[in-house]
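Chemist: Okay, predicted coordinates and the sequence, questions at the end:
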Amino acid sequence: MAAIESVLKENRVFEPSEAFQSTANVSGMAAYNALCEKANQDYEGFWGDLAQEMITWKKPFTQVLDESNAPFYKWFADGDLNISYNCLDRHLADKANKTAIIYEKDDGSSENITYQQLYERVCQFANGLKSLGVGKGDRVIIYMPMVPDAVVAMQACARIGAIHSVVFGGFSAGAVKDRVQDAAAKIIITANESVRGGKSAPLKVTVDEALKDGDCPSIEKVIVFARTDKEVAFDAARDIWWHDLIANQASECEPEWMNAEDTLFVLYTSGSTGKPKGVQHSIAGYLLGAMLSLKWVFDHKPDDVFWCTADVGWITGHTYIAYGPLAWGATQIVFEGVPTYPNAGRFWEGVEKHKVTTFYTAPTAIRSLIKLGADLPNQYDLSSLRLLGSVGEPINPEAWMWYYETVGRSECPIVDTWWQTETGSNMIAPLPGAVAIKPGSCTLPLPGIMVDIVDESGASVDQSNGGFLVIKRPFPSLLRTVWGDDERFKSTYFPEELGGNLYLAGDSAHRDENGYVWIMGRIDDVLNVSGHRLGTMEIESALVANPLVAEAAVVGKPHDVKGEAVVAFVILKGDRPEGEDAKRIAQELKSWVAHEIGKIAQPDDIRFGDNLPKTRSGKIMRRLLRTLAKGEEITADTSTLENPQVLEQLKQSV
Ligand code: WTA
């Protein structure tokens, strides 16, 4: 991959500036090393002290880590708390009138919501949910636009002990249905429609489609938020408007006191096999990870204006919008739109308008903005910025340098944060007042995170050799299990081959002479398209579900903006199509995948053959498909192939 190659040649180093270091929450390498040393010496004491310091407990815990049923670890297991209390109530004494959320609407107007107002909105909605019989442990699907009310819905669930599962608003009816069924959810919270980039998407219609034919018998009610005045079909027995639900509800709601290990949410993500898995997080450990990383990695200060551009449909939006900033009593932006509407200056205009100090986005957004106008940031006053962040995929040094120089005036550190849905919060990232940064490396693990790089047997590899990225000790914000599938949790994340006690992240990586970690990419069949995780199997199953398709194999190919693009090799039931026919069918299949999963999964490139390249035992040679997808010549030995003649056919894009 071109990006990886340029990463490998990178050797620039940027030390923290004295100015930044002098006010940093963790200042200087000695302070970083001291934290790491404390974690090494007394692992439980380290985490226990932090959990006591940062979290407001209803009932304090007495045990930090329970490893008796490894790898089903428990943290702070006899403590009680409520995360919504930690995000709202505890700020009311001194921050009631502080802005919690600046709602930056798609059309460019904005609205401020104070902590007092947010608290009242969450309480009212929580009371509304209770009036529908929702309580502790019930699952609630949230399929909403990026509006503050999505955060309200999440916080309200947490307040009453219901488990939320947010489904990204760009996913299809089929994806909604799969998640409702897997979680046996009782309620769906949605909107009549979403508005992004000047276009609307019919969320309620999609929910109706997901629920049709009695496919989701667990659903009792659908709550519909009116984002616009667009009318939608209503099932009088099942559907209820958000505003009607809260109309007579009190604006106070006693939080449900929860156990530290109770489940906070389930978020579905792609793996290498089967359907997306429900990554299950518990309350206290997750909250601690969110708070700590904001303090250490984002160097959070009370006057910051924090802007994470993610959607709450992804883990980044959970941790760095719905929970982390609120737990600190921060002011943050909730952005409804897209970076390119009405033009590619949208982010920079937002930074100028709201005097944003901390800006967190994805490499794919940076690359697309460079393409649309590398000089655009210079037209805005970005002097409020003091820290930049990157997440979701490796950032190539070219994009990094542009972000650093043009957006950050060569003054703002960039925190390249490596983590996953499963880890709940940042794992490897610079503490910006301490760790020198190198373009393309996520640098060093956070204190307390015991990272290693190992071979197939679980043994550490020599410095500079690549291998599997693992975490050697359990940490508080780690997923607890895969919803309803403990076996899958064990075999995916704590595989016996590696000894059964290493957390296998699913990425390959290597370390340089300073111990800095460089992420190489996934080791499984997971693609990273514009920072979104997609399983090749999911896309293959969607394709094969089309009546025309006999067989399909999906791989990734490098793409300058998206990082990776989806390439599908398709065998039809009838003859291999050619010319106009091939074009028409390819288009039909692209739309089919968009409809089955969501637009993000739509293949960029479809190729038809009489068959897939298979060994004589029938195994698909994916390695060859990856080479073909990249448009490279095949140099590997193809003599074990049953059908080498298909390679010529599969070289050609439609
Ligand atoms: C990739 C997103 C390189 C990685 C928070 C990981 C990264 C997957 C980085 C998780 C980074 C995330 N550098 N690669 N800074 N951050 N990744 O679950 O492959 O959507 O395993 O969580 O994204 O994606 P997920």
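Modeler: Looks like it came in fine.
Chemist: Isn't residue 264 up against residue 289?
Modeler: No - contact criterion C-beta atoms under 8 Å: residue 264 and residue 289 do not qualify, at 11.5 Å. Heads up, the C-betas are built off the backbone N, CA and C, glycines and all.
Chemist: Could I get the average pLDDT for stretch 549-568?
Modeler: Mean pLDDT, stretch 549-568: 95.
Chemist: Tell me the gap between it and the middle of its chain.
Modeler: Mean-position distance between stretch 549-568 and its chain equals 20 Å (C-alpha atoms, centre = their mean, to the nearest Å).
Chemist: same question, stretch 633-653
Modeler: The answer for stretch 633-653 is 36 Å, by C-alpha atoms, centre = their mean.
Chemist: for stretch 517-528, which positions count as buried?
Modeler: 517, 518, 519, 520, 521, 522, 523, 525, 526, 527, 528 (16 or more other C-beta atoms under 10 Å).
Chemist: From the contact counts, what lies against the helix or strand harbouring the fourth one?
Modeler: Assigning secondary structure by DSSP states H and E places residue 520 in strand 517-522. When contacts are defined as 3 or more C-beta pairs under 8 Å, 6 or more residues apart in numbering; DSSP states H and E, strand 517-522 packs onto helix 2-8, strand 503-511.
Chemist: would you put the C-alpha positions of stretch 602-612 in PDB?
Modeler: Output in PDB follows, covering the C-alpha atoms of stretch 602-612 (Å, rounded to 0.1, in the frame of the first residue of the first chain):
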ATOM      1  CA  GLN A 602     -21.000  -0.200  -1.800                       C
ATOM      2  CA  PRO A 603     -18.200  -1.700  -4.000                       C
ATOM      3  CA  ASP A 604     -16.200   0.800  -6.100                       C
ATOM      4  CA  ASP A 605     -15.200  -1.800  -8.500                       C
ATOM      5  CA  ILE A 606     -17.000  -4.900  -9.700                       C
ATOM      6  CA  ARG A 607     -15.400  -7.600 -11.800                       C
ATOM      7  CA  PHE A 608     -17.100 -10.600 -13.500                       C
ATOM      8  CA  GLY A 609     -15.500 -14.000 -14.200                       C
ATOM      9  CA  ASP A 610     -16.600 -17.500 -15.000                       C
ATOM     10  CA  ASN A 611     -15.300 -18.500 -11.700                       C
ATOM     11  CA  LEU A 612     -13.100 -17.400  -8.800                       C
END
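Chemist: just to revisit the earlier point, ranking the helices and strands packed on strand 517-522 by mean pLDDT, which is last?
Modeler: In terms of average pLDDT, helix 2-8 trails the rest of the helices and strands packed on strand 517-522, at a mean of 53.
Chemist: Near the ligand, which residues of the stretch 251-400 of the chain? Just list them.
Modeler: Neighbours of the ligand within the stretch 251-400 of the chain, by C-beta under 6 Å from any ligand atom: 269, 314, 315, 316, 391, 392, 393, 394.
Chemist: rewinding a little: touching the strand holding residue 520 from outside, list them.
Modeler: Here strand 517-522 makes contact (C-beta atoms under 8 Å, 6 or more residues apart in numbering) with 1, 4, 7-8, 394, 418, 428, 440-445, 451, 453, 466, 469, 506-512, 528.
Chemist: In helices, which of the residues of the stretch 251-400 of the chain next to the ligand appear?
Modeler: 315, 316 (DSSP state H).
Chemist: of the contacts of strand 517-522, buried ones?
Modeler: By 16+ other C-beta under 10 Å, these give 1, 7, 394, 418, 428, 440-445, 451, 453, 469, 506-511, 528 as buried.
Chemist: Next, residue 624: phi, psi?
Modeler: phi -70, psi -40 (degrees, to the nearest 10).
Chemist: how far away is it from the ligand?
Modeler: 23 Å (C-beta to the nearest ligand atom, to the nearest Å).
Chemist: That residue contacts residue 643, correct?
Modeler: No - here residue 624 does not reach residue 643: they are 11.3 Å apart, not a contact under C-beta under 8 Å.
Chemist: Give the residues shared as contacts by those two.
Modeler: With C-beta under 8 Å, 6+ apart, residue 624 and residue 643 have common neighbours residue 613.
Chemist: And the two? Which one has more around it.
Modeler: residue 624 (21 against 15; other C-beta atoms under 10 Å).
Chemist: need the contact list for that one.
Modeler: 613, 634, 636, 638, 641, 647.
Chemist: Name the nearest residue to residue 263, sequence neighbours excluded.
Modeler: residue 163 (5.0 Å; C-beta to C-beta, 6 or more residues apart in numbering).
Chemist: what about that neighbour, how many neighbours?
Modeler: By other C-beta under 10 Å, neighbour count at residue 163 equals 22.
Chemist: Please apply the same query to residue 252.
Modeler: Residue crowding around residue 252 was assessed by other C-beta under 10 Å; the count is 12.
Chemist: what's the helix or strand for it?
Modeler: Short version, using DSSP H and E: residue 252 is in no helix or strand.
Chemist: Next one, pLDDT for the closest residue to it other than its chain neighbours please.
Modeler: In space, and not counting its chain neighbours, residue 252 is closest to residue 123: 5.3 Å by C-beta to C-beta, 6+ apart. Residue 123 carries a pLDDT value of 98.
Chemist: Having no further points to raise, I will conclude here.
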